[in-house]
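Visitor: Take a look and give me a structure for this.
(chains A and B)
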Amino acid sequence: MKRNNNKMLIPLSVAALTLGMTSVASAATLDEVKQRGNLTCGVNVGLSGFSSPDASGQWQGLDVETCRALSSAIFGDPDQVEFTPLTAKERFTALQSGEIDVLSRNTTWTATRDNSLGLNFTTTTFYDGQGFMVSKDLGVTSLEDLDGASICIQSGTTHELNLADYFPSKGIEISTVTFDTPDQTASGFASGRCDVLTSDTSQLSALRLQLPDPESVEIMTQLISKEPLGPVVRQGDDQWFDIVKWTVYAMVNAEELGVTRENVEQMKNDPPNPQVARLLGVEGTYGEQLGLGNDWAYNIIAQVGNYGEVFDETVGANSPLKISRGLNALWDQGGILYAPPIR
Amino acid sequence: MSNPSASHVPLWRRPAFRALIIQALLLVGLVALITMMVNNALTNLDERGITTGFAFLSERAGFSIPQTLIDFPGNSTYGRTFIVGLLNTLLVSAMGIVAATIIGFAVGIARLSPNWLLARLAAAYVEIFRNIPLLVQILFWYFAVLQALPSPRQSLSLMEAVFLNVRGLVVPAPIPEAGFGLTLAALAVAVVASIAFALYARRLQERTGRALPVYWCGTAMIIGLPLLAFVISGAPLSWEIPELKGFNFRGGITVIPELMALWLALSIYTASFIAEIVRSGIQSVPSGQVEASRAIGLSPNITLRKVVIPQAMRVIVPQLTSQYLNLIKNSSLATAIGYPDLVAVFAGTSLNQTGQAIEIIAITMAVYLTISLVVSAFMNIYNARTLIKER
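Guide: Sure, this is the predicted structure:
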């Protein structure tokens, strides 16, 4: 597993932008990826459930599965991905300079990021919100009780901005303690440097499990922001933008149509309805329209799974995090997950 | 008689002219290279739809910073985050330079002490702290020492006024009342008087050879005069004692643990190098100088202060400058423990929130360059003063 020297990333990327003669944006990312034979994907340095290396050094998590699905769609093999772990501060520069092809790193979709960084947010893979984790023996029940508290936070996130928006407007005085990575933030909280840990609730569930005594803390139900997380690509390559977007849509559509890893083979041989036939490439040229093979979605589902399966295994019911589907359920099951039809 | 052949040498073979041409070509090349780089960056950024320019400096930053030396309200701009970060860098650098110099000189001199134990302790200090990477030392002080302190409710306290806990060191804040100006004025007078006295003493010594107790008199004046004024004006100073309210201490001044860890690590690490520089400087003074000064009856203390140190300074100062510059640049490791220095606040959070990497990195590099050049300039002036006066 190649590990980049992250400390040098920003200077190198700046150098690339200053000295680089080639124009990365105008080149077709798909052609480059095919020529190179693998996909480089920026992920979190370590956030269980979303992207973290397991005991054998393999990357695991929801964000990782998005990249693997993309690799399946392009190469018919989920393992042609090189993962580049990035801190929150490094992620955008790495994508802008062409260091990575896609950024799948629990990144919140905001107007500034979408419009002024030369990047495009493709779609949302996880609807999240900023929450707060406190020690149970503090007896805090609402955010109004946090007057005077110190809050641990990761630098370079939207959470820093949300915090500065929310508390002053309520007349609540807080002090922040800023760390570079989720691990450092969690250890700051564990050592008592701060009373409260704030982040996306999904991250809080993951960080809670890393604490020495997970039972001693609770995640408050109050949320202060909308945090739609999803993969990001560079602006100016519409084909690549479509491929990433439709990879996610294929997974969501598959769940909606009841196509799973187990039954995908059988459904391909004998499609129960035209929607499934179109999804699995039995009918139409939906893959070719993207510049891929027509079995692109079949490969994704057979090798990675549909959205529901991936969700359950990485962050949901079958994972240690046990995050409920909530907003991330399908639109016809009480959530807001809604993919455009393949037709 | 002038050289007749000079006027016959063709222009292009004259060394002075050739040198001029080469320098001009180099300059043109350099300017062209920089122009190309700037142009290239602008074109690339524009093609990718990335916002450029310095307009972001006047936009609202909208995040908070744990330690600010100037007022930092919620609607502050990115420009102000730059100032806050810069001041925090300067604060820890200045504190580090002072502490490293004091520790370094003490250890360096101790290493040459005839006392066996003292010399070995000093040697051990140097070998331990200069051989452990600075980042490891910073992490050690922060995570192993300061984060192991008790929570605010179980703070270690000194006379119920000074508290030490995992959130930092909380000390009472002095609140000047009406009439405190008199004490400050007395302090100013005492400082001016001490300087004047020192100048007079030096001239007296140069003229007559009689030495006056400058250090004792100066110290007595600087401490005594303000103290006298303070008592006469009725002790117009109250203290705001920190109190535990809710989650944290309220009132008083809090020194955050990130600052303490960084300061300790930078001072101790740099001091180990300074100690070696001081030792080598002292040892570079020929032993004949010491023997001669002892032979004319000067005490060991006077020998060190008046004979050895002034000559050693010539060797010490240039290397000391490098160490100071290293310390300032090393302070950017602050980002590892979340101390809000220039790199963490401006080249970190601000960069990430605005996405304007080139502008921000360029500003940050320019700042470190400027600080380093200013420190170098002052040290060069000092160095020029300690040089051997060629007569």
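
Visitor: Would you map the strands across the chain?
Guide: Went with chain A since none was named. Residue ranges of the strands in chain A, as given by DSSP state E, are A:39-44, A:52-53, A:59-60, A:81-86, A:102-103, A:119-121, A:126-128, A:130-135, A:150-154, A:175-179, A:196-200, A:217-219, A:227-229, A:232-234.

Visitor: wait, chain B
Guide: In chain B, the strands defined using DSSP E lie at B:156-158, B:162-165, B:168-171, B:173-176, B:237-240, B:243-245, B:248-250, B:253-255.

Visitor: Show the contacting residues for A:L197.
Guide: Taking CB atoms under 8 Å, 6 or more residues apart in numbering or on different chains as the criterion, A:L197 is in contact with A:F132, A:M133, A:V134, A:I151, A:C152, A:I153, A:T185, A:A186, A:F189, A:L204, A:L207. Just so you know, the C-beta spots here come from the backbone N, C-alpha and C atoms, and that holds for glycine as well.

Visitor: Out of those residues, which comes closest to A:R325?
Guide: Lowest distance from A:R325 to the contacts of A:L197 (CB to CB) belongs to A:L204, with 17.2 Å.

Visitor: got a pLDDT number for the closest one?
Guide: Looking at A:L204, its pLDDT reads 89.

Visitor: and it, how many neighbours?
Guide: 23 (other CB atoms under 10 Å in any protein chain shown).

Visitor: what's the pLDDT at A:V14?
Guide: For A:V14, the model assigns a pLDDT of 62.

Visitor: hang on, isn't B:W263 packed against B:G96?
Guide: Yes - assessed by CB atoms under 8 Å, B:W263 is found in contact with B:G96 at 5.9 Å.

Visitor: Please identify which of these two sits among more neighbours.
Guide: Higher neighbour count among B:W263 and B:G96: B:G96, with 25 against 22, using other CB under 10 Å.

Visitor: how much space between that one and chain A?
Guide: 21 Å (CB to the nearest CB, to the nearest Å).

Visitor: all helices of the stretch 1-150 of chain A, in order?
Guide: A:9-19, A:29-36, A:62-75, A:91-96, A:111-116 (DSSP state H, counting those that start in this stretch).

Visitor: contact partners of the fourth one?
Guide: Looking back up the chat, that one is helix A:91-96. Residues outside helix A:91-96 that contact it (CB under 8 Å, 6+ apart): A:9-10, A:13-14, A:17, A:42, A:84, A:86, A:99-100, A:102-103, A:105, A:107, A:113, A:117-119, A:232-234, B:48, B:50, B:352, B:355, B:357.

Visitor: Now with 7 Å, please.
Guide: A:9-10, A:13, A:42, A:84, A:86, A:100, A:103, A:105, A:107, A:117-119, A:232, A:234, B:48, B:50, B:355, B:357 (CB atoms under 7 Å, 6 or more residues apart in numbering or on different chains).

Visitor: dump the residue contacts of residue 48.
Guide: Answering for chain A, as no chain was given. A:S48 makes contacts with A:A206, A:L209, as judged by CB under 7 Å, 6+ apart.

Visitor: not what I meant, chain B
Guide: A:A25, A:Q96, A:G118, A:R234, A:Q235, A:G236 are the contacts of B:R48 under CB under 7 Å, 6+ apart.

Visitor: thought B:Y142 was touching B:I337?
Guide: Yes - B:Y142 lies in contact with B:I337 (CB atoms under 7 Å); the separation is 4.4 Å.

Visitor: just to revisit the earlier point, out of the contacts of A:L197, the closest to B:A173 would be?
Guide: For the contacts of A:L197, the closest approach to B:A173 (CB to CB) belongs to A:I151, at 23.4 Å.

Visitor: pretty sure the closest one is in contact with A:S199, am I right?
Guide: No - with contact defined as CB under 7 Å, A:I151 does not reach A:S199; the gap is 10.3 Å.

Visitor: The two: which is more packed in?
Guide: Remark: of A:I151 and A:S199, A:S199 carries more neighbours, 27 against 24, as counted by other CB under 10 Å.

Visitor: pLDDT score assigned to the more buried one?
Guide: pLDDT for A:S199: 91.

Visitor: Count the neighbours of the closest residue to it other than its chain neighbours for me.
Guide: In space, A:S199 comes closest to A:H159 once its chain neighbours are excluded; the distance is 6.0 Å by CB to CB, 6 or more residues apart in numbering or on different chains. Other residues within reach of A:H159 by the criterion other CB under 10 Å amount to 25.

Visitor: same thing with B:R314?
Guide: Quick note: B:R314 (other CB under 10 Å) scores 15 neighbours.

Visitor: Now for it: which residues touch it?
Guide: B:T386, B:L387, B:I388.

Visitor: Identify whichever of the strands of chain A lies nearest to B:S322.
Guide: That would be strand A:175-179 among the strands of chain A, by CB to CB, at 31.2 Å.

Visitor: Pull up the pairing partners for that closest one, direction included.
Guide: strand A:150-154 (parallel) (DSSP bridges).

Visitor: tell me the angle of the strand it pairs with relative to strand A:130-135?
Guide: Counting by axes from the mean of the first three to the mean of the last three CA atoms, to 10 degrees, strand A:150-154 lies at 130 degrees to strand A:130-135.

Visitor: can you pull the alpha-carbon coordinates of strand A:150-154 into PDB?
Guide: The C-alpha coordinates for strand A:150-154 follow below in PDB (Å, rounded to 0.1, in the frame of the first residue of the first chain):
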ATOM      1  CA  SER A 150     -14.400  23.700  25.200                       C
ATOM      2  CA  ILE A 151     -15.200  22.000  21.900                       C
ATOM      3  CA  CYS A 152     -12.700  19.700  20.100                       C
ATOM      4  CA  ILE A 153     -13.000  20.100  16.300                       C
ATOM      5  CA  GLN A 154     -11.100  19.100  13.200                       C
END
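
Visitor: for the spatially most central residue of chain A, what are its contacts?
Guide: What sits nearest the mean C-alpha location of chain A, by CA atoms, centre = their mean, is A:N106, with 3.5 Å. Counting by CB under 7 Å, 6+ apart, A:N106 touches A:N44, A:L47, A:F50, A:D63, A:D200, A:Q203, A:L229.

Visitor: if I read this right, the fourth one contacts A:S51, doesn't it?
Guide: Yes - taking contacts as CB under 7 Å, A:D63 lies within contact range of A:S51: 4.5 Å.
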